[in-house]
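In: Got a predicted structure plus its sequence, pasted below:
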Amino acid sequence: MNASWLVRTRPVPGARLRLLCVPYAGGGASAFAGWADALPADVEVCAVRLPGRESRLLQKPFQDVDAAVAALAEVTEDYCAEPFALFGHSMGALVAFEFTRLLRAAGRRGPEHLFASGRQAPQLPVTRPLIHDLPDAEFADALRDFGGTPEEVLADPRTMSLLAPGLRADFRVNDTYRHRPQPPLDCPVTAFSGRTDPHVAPANVEAWGAQTTGRFTHHRLDGGHLFLHSEREALLGHLGAALRAGREVVLP
């Protein structure tokens, strides 16, 4: 396993299932801190740390989704030879989806379950304003609107000069993505959305159902775009139920 890419806070030898988690734009492995303690003990949580963040801050970030998933497929070849599921939030959901399609094309094991969080279905066009090439001040305003970037960071030019290249690259991955129609996946797909997320309409999340011949479920949680933090307990409750059962379970 490539330690720079994949972070396990609680290794589980002989795990029944591995949950590979892909973060949102600008996010790192720390976005999933504490998840292992809240999920079934026989599930190993493994967070993806992409170039351009955390301990890999000075490494060149990916500019498009194809390059990201090709590299991810290479470093996870051994790790994903055992049963695994995928969780991705926002940009991470797009990476997880295209990663699944690449594995299928390569004849490799695919995920037992795909959890797509905080992102509209990939076949839908992006309707929000594109932000990756905005001037610095406008880019900071756009980040402020998404949430997740502390105000003291946005207001510090030196810190932003370090972080902005990676953030712009991540948003470029989203902004320049073009969907290529393929047959739907055969694994279950569960989508999550925030009730007050201004960037992702519920109907556009429902459209994830067209991407699978398996079971599809959509859970709407309180919170905005980064509800995976503000509604962590509810999100992990749904994830834990699905992972324990090996299939999607609808909670009350």
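Out: Ah, there it is.
In: what about the strands in the protein?
Out: 6-7, 17-22, 43-48, 84-89, 114-117, 189-194, 216-221 (DSSP state E).
In: Let me have these in TSV, extended by distance to P183.
Out: (Each C-beta comes from the backbone N, C-alpha and C, glycine too.) Formatted as TSV, the strands of the chain follow (distance: least, CB to CB, whole Å):
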stretch	distance to P183
strand 6-7	29
strand 17-22	22
strand 43-48	26
strand 84-89	18
strand 114-117	15
strand 189-194	14
strand 216-221	15
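In: Using TSV, lay out the ones you listed together with distance to G166 and mean pLDDT.
Out: Shown next, in TSV, are the strands of the chain (distance: least, CB to CB, whole Å; pLDDT from 0 to 100):
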stretch	distance to G166	mean pLDDT
strand 6-7	17	94
strand 17-22	15	97
strand 43-48	14	96
strand 84-89	17	97
strand 114-117	21	98
strand 189-194	24	97
strand 216-221	27	97
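In: Can I get the ones you listed in JSON lines including mean neighbour count and distance to F227?
Out: Shown next, in JSON lines, are the strands of the chain (neighbours: other CB atoms under 10 Å; distance: least, CB to CB, whole Å):
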{"stretch": "strand 6-7", "mean neighbour count": "20", "distance to F227": "22"}
{"stretch": "strand 17-22", "mean neighbour count": "24", "distance to F227": "15"}
{"stretch": "strand 43-48", "mean neighbour count": "25", "distance to F227": "18"}
{"stretch": "strand 84-89", "mean neighbour count": "26", "distance to F227": "9"}
{"stretch": "strand 114-117", "mean neighbour count": "27", "distance to F227": "8"}
{"stretch": "strand 189-194", "mean neighbour count": "25", "distance to F227": "4"}
{"stretch": "strand 216-221", "mean neighbour count": "18", "distance to F227": "5"}
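In: between those strands, which one is nearest to V95?
Out: Comparison of those against V95 by CB to CB identifies strand 17-22 as nearest, at 4.9 Å.
In: if we can go back for a sec, looking at the strands of the chain, which is nearest to H229?
Out: Between the strands of the chain, strand 84-89 lies closest to H229; by CB to CB that is 9.6 Å.
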